[in-house]
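Trainee: Sharing a model that was predicted from the sequence below.
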Amino acid sequence: MRSSTIVHEVAEYKKRRDELITQDRALRADHSREPLSPAEALAEEVIRKLKTTEAATLWSADYPSIPHPFPGMEFLTGRSIIMQSKLFEILSKMPKGSLLHGHFDAMGQAPALLDLALKQPAVHVRCAERLTASNIQTVPPEFLCLPEDMYPDLAGSVSLTDANYQHTWISAQLARELFDPQLGGPGGFDRWVLAAMTINPSEAYGTHNTVKKVMLHISVQRFRSLIATVGFQIWEKFASTFGVYERIVHYVPIFREYFRQFLLSAIEDGVSYIEIRMNLTYKVVAADAKTELSTREIFLILDNVLKELTAEFKQQGREDEFIGAKIIITAFRLFSVEIIETLLHGCIALKKEFPHLIAGFDLVGQEDVLQPLIYYAEPLLKFRQMQQDAGVDEIPFLFHAGETFTDGTEADMNLYDAILLGTKRIGHAFSLLKHPKLIEMCKEREIAIEVCPISNEVLRLTSSMHMHPVSAFFNHGLRVVLSSDDPCIWQCVGLTFDFYQVLVSSELTGIIQLGEVAKDSIKYSMLSPDEKQRALVAWQKRWDKFLEYVAGFGREVLSAHDTTSFT
Ligand SMILES: O=c1[nH]cnc2c1ncn2[C@@H]1O[C@H](CO)[C@@H](O)[C@H]1O
């Protein structure tokens, strides 16, 4: 028989244990908010139940091509399982708030972009040598929009797969038609191009599965010079996809439609506001494939597409679904200090003309090998004064920083500079968890972290979502928004996949935490206070509807005894 003393002691112990757990979780957004409404509590329960059920069914089944599946596994391998998930289907209906971290050229969907390209007679293609079964995996397509007077003579066009082919341009439409049936015919052409636009699982998790192979043995300087010539690491493949996009997207008839399409696909996924990163050195050619647009002309197109879309949504009574989009001006981390200063002036000029469109300024490119923020300290420190002299409203910094799995390197140290330079949010901040003081500062200054879970995993900062710092960020009470970075390259649409990976790889995270993330994505956006208010009210309405939808589905989930019924 147990003595009453030990029974009492265990009860006391459990009480202290509960208190400790509560204290430890107190900083999480799903704990520090007001108490859950009955509808929220029900939705939380339903989603948790479904998550557990699917972990035991969908993720425990045998798949011939996926040896050891688990929730939160490598995205590119697990995608086909995710697509069968009921939880995923439910998440796709969730209002996500804002998409705050995406790069213009890689925000669409690769097949849709290829379709757009194939509709344009100006789009031409060539490759270094005749394509054969043995080289099709390694010889990439090169695209160019040619003006009409330079179209190659149709009769003389030689197929990319023809024995006589020699690095000559051929219209993309014709190249597709003439593609050797032995290599798959037109479908084979599509697969060849799509492979160059995207990263596949064997590249990410096999051939290119490394971030820093060379850096371990040679100096950073040598690595920087080598990086241009060696093609073994994941960023090499990643950067090569941008080479394909820029030749297709930067052509006005495609550019306009592409922009519209990716906005619509994000909206359809429940995103109501978008901040898009776009290089200031962006080059676009007009329909004649000759005339280069000025930056101002490019922004007029962006503005025009946004105005049209806003009017369409208004006309359809769907204003709540689309609040708008803004551009974060970016510059490449390889430019000289002088060029960055010139680009900062260019950014101010754009802010003057398109005050409603310009959200902020950032630097892009692989932090592990390119210039650190400190290298640009001088122009960046002058930027505030430059804005005041020009009489424009503040253009905040929204820096990428700490997109690295290292510590103490320039990439990691970018976090100190981003914060000291007054960044309003940090892109990625993957290495932030290593810096207690910086975590504290981000909390005090309400610097939100733009976490891009799938991007970080595909670019090999972590091998699965379980070792991604996002759960720790939540537990520290950091403000986190989730984003997709370059969804075209990992072939996802909108934010649902990123939300899913975060949800299923943490026991603590539920739908309420994701709801708080969505709300924070509006709160920490660069919308004006009025716009934010409107966006938050619209989000809340949609959230309430979403909770009803989950509840409707929930009766089925909660009453189910047979856990296999959700596969
Ligand atoms: O996650 C990222 N970190 C840093 N740079 C990036 C990331 N994704 C895309 N780009 C960079 O942005 C430019 C296109 O606007 C490309 O140069 C690409 O390398």
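Mentor: Here it is on my side, so go on.

Trainee: residue contacts, R130?
Mentor: Going by CB atoms under 8 Å, 6 or more residues apart in numbering, R130 touches 160-166. From N, CA and C alone the C-beta is placed, and that goes for glycine too.

Trainee: outside of the strand or helix carrying E54, which residues touch it?
Mentor: Following DSSP states H and E, the helix or strand that holds E54 is helix 38-56. Residues from elsewhere that reach helix 38-56 (CB under 8 Å, 6+ apart): 36, 71, 85-87, 90, 503-504, 510-512, 515, 544, 546-548, 550-551, 553-554, 557-558, 560, 563, 566-567.

Trainee: hmm, which of these are the buried ones?
Mentor: Using 16 or more other CB atoms under 10 Å as the burial test, those include 71, 85-87, 90, 503-504, 510-512, 515, 546-547, 550-551, 553-554, 557, 566 as buried.

Trainee: picking that back up, list the ones among the contacts of helix 38-56 that fall in helices.
Mentor: In helices, judged by DSSP state H, the following of the contacts of helix 38-56 are found: 86-87, 90, 503-504, 511-512, 515, 544, 546-548, 550-551, 553-554, 557-558.

Trainee: what about stretch 342-354, near the ligand?
Mentor: No: looking at stretch 342-354 against the ligand by CB under 6 Å from any ligand atom, there are no contacts, and the closest approach is 13.3 Å.

Trainee: mind listing what's buried in that stretch?
Mentor: By neighbour count with 16+ other CB under 10 Å, stretch 342-354 contains the buried residues 343-344, 347-348, 350-351, 354.

Trainee: what pairs with the residue in the stretch 351-500 of the chain that the ligand sits nearest to across the strands?
Mentor: Proximity to the ligand, evaluated over the stretch 351-500 of the chain using CB to the nearest ligand atom, is greatest for V364 at 3.8 Å. Note on V364: beta-bridge partners F332, judged by DSSP bridges.

Trainee: Report the contact partners of it.
Mentor: By CB under 8 Å, 6+ apart, the contact set of V364 is 103, 277, 279, 330-333, 400.

Trainee: Mind putting the residues you listed into a markdown table with neighbour count?
Mentor: As requested, the contacts of V364 are exported to a markdown table (neighbours: other CB atoms under 10 Å):
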| residue | neighbour count |
| --- | --- |
| H103 | 22 |
| R277 | 25 |
| N279 | 18 |
| T330 | 26 |
| A331 | 23 |
| F332 | 16 |
| R333 | 21 |
| H400 | 25 |
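
Trainee: can you list these in JSON lines and add distance to the ligand and pLDDT?
Mentor: Supplementary listing: the contacts of V364 in JSON lines, determined by distance: CB to the nearest ligand atom, whole Å; pLDDT from 0 to 100:
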{"residue": "H103", "distance to the ligand": "4", "pLDDT": "98"}
{"residue": "R277", "distance to the ligand": "6", "pLDDT": "98"}
{"residue": "N279", "distance to the ligand": "5", "pLDDT": "96"}
{"residue": "T330", "distance to the ligand": "6", "pLDDT": "98"}
{"residue": "A331", "distance to the ligand": "10", "pLDDT": "97"}
{"residue": "F332", "distance to the ligand": "6", "pLDDT": "95"}
{"residue": "R333", "distance to the ligand": "8", "pLDDT": "94"}
{"residue": "H400", "distance to the ligand": "5", "pLDDT": "98"}
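
Trainee: ok, those residues vs Y245, which is closest?
Mentor: Within those, proximity to Y245 (CB to CB) peaks at H103, which comes in at 9.4 Å.

Trainee: can you tell me the helix or strand for the nearest residue to the closest one once chain neighbours are set aside?
Mentor: Across the structure, with CB to CB, 6 or more residues apart in numbering as the measure, the residue nearest H103 apart from its sequence neighbours is R277 (5.0 Å). Using DSSP H and E, R277 falls within strand 271-279.

Trainee: tell me which parts of the stretch 1-150 of the chain are close to the ligand?
Mentor: Checking the stretch 1-150 of the chain against the ligand by CB under 6 Å from any ligand atom, the hits are 103, 105.

Trainee: Try it again at 5 Å.
Mentor: Taking CB under 5 Å from any ligand atom as the contact definition, the stretch 1-150 of the chain meets the ligand at H103.

Trainee: one step back: can I get the contacts of R130 in a markdown table including neighbour count?
Mentor: Formatted as a markdown table, the entries for the contacts of R130 read as follows, by neighbours: other CB under 10 Å:
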| residue | neighbour count |
| --- | --- |
| L160 | 27 |
| T161 | 24 |
| D162 | 14 |
| A163 | 8 |
| N164 | 8 |
| Y165 | 18 |
| Q166 | 10 |
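
Trainee: wait, which of those is closest to the ligand?
Mentor: If you rank the contacts of R130 by distance to the ligand using CB to the nearest ligand atom, L160 comes first, at 26.8 Å.

Trainee: is it true that the closest one touches T168?
Mentor: No: L160 lies out of contact with T168 (CB atoms under 8 Å); the separation is 9.2 Å.

Trainee: overlap in contacts of the two?
Mentor: Common contacts of L160 and T168 (CB under 8 Å, 6+ apart): R126.

Trainee: Going by secondary structure, A196 is in what exactly?
Mentor: helix 185-197.

Trainee: where does the stretch 401-550 of the chain have low pLDDT?
Mentor: Using pLDDT under 70 as the threshold, the predicted model of the stretch 401-550 of the chain has no low-confidence range.

Trainee: no, scratch that, I was asking about the chain
Mentor: Within the chain, the segments meeting pLDDT under 70 span 1, 211-232, 560-567.

Trainee: can you give me the strands in the stretch 401-550 of the chain?
Mentor: Secondary structure of the stretch 401-550 of the chain, counting by DSSP state E, counting those that start in this stretch: strands at 425-428, 448-451, 480-482.

Trainee: As a markdown table, these with distance to V458 would be great.
Mentor: Below are these laid out as a markdown table (distance: least, CB to CB, whole Å):
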| stretch | distance to V458 |
| --- | --- |
| strand 425-428 | 13 |
| strand 448-451 | 14 |
| strand 480-482 | 15 |
